[in-house]
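Undergrad: Fold the following and give me the result.
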Amino acid sequence: MSVAPGRKWAGTADGDLLASAALGDSTAFAELATRYYAPAYRLAWRLCGNQTDAEDVAQEVFVKLWKDPAQVRQAAALKGWIMRAASNGAIDRLRRRKTASLDEAIEVSDAQPGAVTVLEGNAASARVVSAMAALPERQRQALALVYYENFGNAEAAAIMETTVEAIESLLTRARKSLRDSLSGEWRDLLDGVTALGK
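TA: Model prediction:
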C-alpha cells in the first residue's frame, strides 16, 4: 500500500491514531481530523442551517477530542462519539439561537453529498430546506443522520442515545410532516428519496 506524501498515518486504524493522539502526537490527531471533520461539519450544517455555526461546532468537537481523547472509551466507537458530539453541539447552538437562517443554508454547497443529492442544487429545494427547518430538532437530527449522513437506524440511535424504535418513530413523523408541508412533485420526490433510506 502506498501512502500519500505527508500522510504517514493513512490506513492506520482509528484506535491506533487515538492512542497516539492521546500521547500528544499531532500528526495522528490531524489524520483523525482529516477522516472525520467533514462528516461532523455536514451533520452540524444540516442541523444548524448555516456555515458559521457548523464550522464552530465541528471545530469544538475536535478541540474537545484533542484536550481529552480518553472521552472516547472504545476506539471502535470514535466515529459515533464524534457524530454525537457534533449533533449535541449543533442542538445546543440551535437552542441558544432559536432560528436558522434559510438564506445562508441555501448558499452553502455540500462537497460530499449524501442520499438526497437529487434534492440539492435546485433552487426549488429551498422549499424542502424550509420544511426541514420547521421540523422539531430531534426529527431533523434523525433525518440528517439517516438520509444525509447514511447512518443505519441502529447507528443513528446510538448517536442520539435512544432506541432504534424511537429513531423509526422520529423518521416516520418527520416524513409525514414533510409530506404534509410539501406538495405535488416534491411529495413524490420525497417518497422516492425516503425509499432509498430503507
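Undergrad: Can you find the helix or strand in the chain with the smallest mean pLDDT?
TA: The helix or strand of the chain with the poorest confidence is helix 102-107; it has a mean of 43 (mean pLDDT, DSSP states H and E).
Undergrad: could you check the distance from the residue nearest in space to the middle of the chain over to Y36?
TA: The centre of the chain sits closest to L43, judged by CA atoms, centre = their mean, with a distance of 2.0 Å. Distance, L43 to Y36, by CB to CB, to the nearest Å: 10 Å. C-beta coordinates here come from the backbone N, C-alpha and C atoms, glycine included.
Undergrad: try V146
TA: With CB to CB as the criterion, V146 and Y36 are 18 Å apart.
Undergrad: Please say which of these two ends up with more neighbours.
TA: Taking neighbours as other CB atoms under 10 Å, V146 and Y36 compare with V146 leading, 24 against 21.
Undergrad: so where's the chain shaky on pLDDT?
TA: 1-7, 98-126, 183-198 (pLDDT under 70).
Undergrad: what domains does the record give for the chain?
TA: If you go by automatic domain parsing, the domain ranges for the chain are 11-101, 113-198.
Undergrad: Break down this protein into its helices, ranges please.
TA: Applying DSSP state H to the chain gives helices spanning 14-22, 26-48, 51-67, 78-97, 102-107, 126-133, 137-143, 153-160, 164-181, 184-196.
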